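> Starting from these lines, generate the structure:
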Amino acid sequence: MTTKVHEKNIDGKTKLVGLLATPIGHSLSPRMHNLGYTLTGLNYAYLAFEVGNDELEATVKGFKSAGVAGFNVSMPNKMKVLDYLDELDDSAKYARASNTVVNRDGKLIGYNTDGLGYVRNLIEHGVKLEDQKVTLVGSGGAATPIAIQLAQSGIREISIFARNDAFFVQAEENVNYINNEMKEFGVKATVFPLEDKEAFRREIAESAILANGTSLGMKPLDHLSIIDDTLDVLRKDLVVTDVVYNPQKSKLLSQAEEAGAKAINGLGMMLWQGALAFKLFTGVDMPIGQVKEILFGND
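The predicted structure is shown next:
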């Protein structure tokens, strides 16, 4: 009796792409990218590496020395990684964070595909952005590019909430950047401490979209939500979005659905930002339709 072995085509010419993040076990990126390579016949392999800020510098230097094709960067490394790159694309420079790094002839160039992925996900779900007000929670490596891209997408106002510590300082920088460096888009940006529950209720009441740009709700923090003590802010005509995609229905989105609000998880954002990164790594378009159908079904 002969056992059939399904061999992955890895050889001496296979190009490596990695993901640097922690926690990392939940990530769908390796499945998505490797599926894309299989469907397109590309000789690449995508692996995940459990790396936080403390290990980041050594890992990036090692990847550069080893000549990897590139790597994605996720929480908590998206802002810190800028310290170790040779060049920044405008998408990373304006967001002050990078989620995609490409090795071009020995130079590490940082890009950011998160903001475009987030906005594309909203559009795919039929969300109107033009002349709307958005309340965004977060100012870190995921929330910052979302804020910057939203400001370029036709909204009229954005209120950013962050914890009253280093994240609040970053939120202030994001607001100042939108108000002073992006005046041509005509967007009003305001910052508030997340601890100000009265302001939180007021700003969401005036907003069409509530966005969670933090890791709160992602495993192993899946028992937490940004609105645990402000449930009264949810309403039927509110769009609630989350960058979290594992679990697919975060506590925030479960609360939103119970209130009758439109709930959108981070799967679509992950798909679209991944497709943009795929093209940067390989020069080839990811077959998005096939990847989406295989990974997400009809989601």
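
> where do the helices sit along the stretch 51-200 of the chain?
Applying DSSP state H, counting those that start in this stretch to the stretch 51-200 of the chain gives helices spanning 53-66, 90-95, 114-124, 143-150, 166-181, 197-205.

> give me the number of residues near Glu195?
For Glu195, the count of nearby residues is 12 (other CB atoms under 10 Å). C-betas here are computed from N, CA, C, even on glycine.

> Return the backbone torsion pair for the residue nearest to it when sequence neighbours are not counted.
Spatially, and ignoring its direct neighbours in sequence, Glu195 is nearest to Asn164 (5.7 Å; CB to CB, 6 or more residues apart in numbering). Backbone torsions of Asn164, given as degrees, to the nearest 10, read phi -80, psi 70.

> wait, what's in contact with Asn164?
Pro193, Leu194, Glu195 (CB atoms under 8 Å, 6 or more residues apart in numbering).

> which element is Ala211 on?
Element membership of Ala211, judged by DSSP states H and E, is strand 209-212.

> Name the strands paired with that strand and say parallel or antiparallel.
When pairing is defined by DSSP bridges, strand 209-212 lines up against strand 133-137 (parallel), strand 239-242 (parallel).

> got the CA coordinates for the worst-scoring helix or strand of the chain on mean pLDDT in PDB?
None of the helices or strands of the chain scores lower by mean pLDDT, DSSP states H and E than helix 90-95, at a mean of 88. Provided in PDB are the C-alpha atoms of helix 90-95 (Å, rounded to 0.1, in the frame of the first residue of the first chain):
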ATOM      1  CA  ASP A  90       4.500  58.000   2.200                       C
ATOM      2  CA  SER A  91       1.900  55.600   3.500                       C
ATOM      3  CA  ALA A  92       4.100  54.700   6.500                       C
ATOM      4  CA  LYS A  93       5.600  58.200   6.900                       C
ATOM      5  CA  TYR A  94       2.200  59.900   7.300                       C
ATOM      6  CA  ALA A  95       0.800  57.100   9.500                       C
END
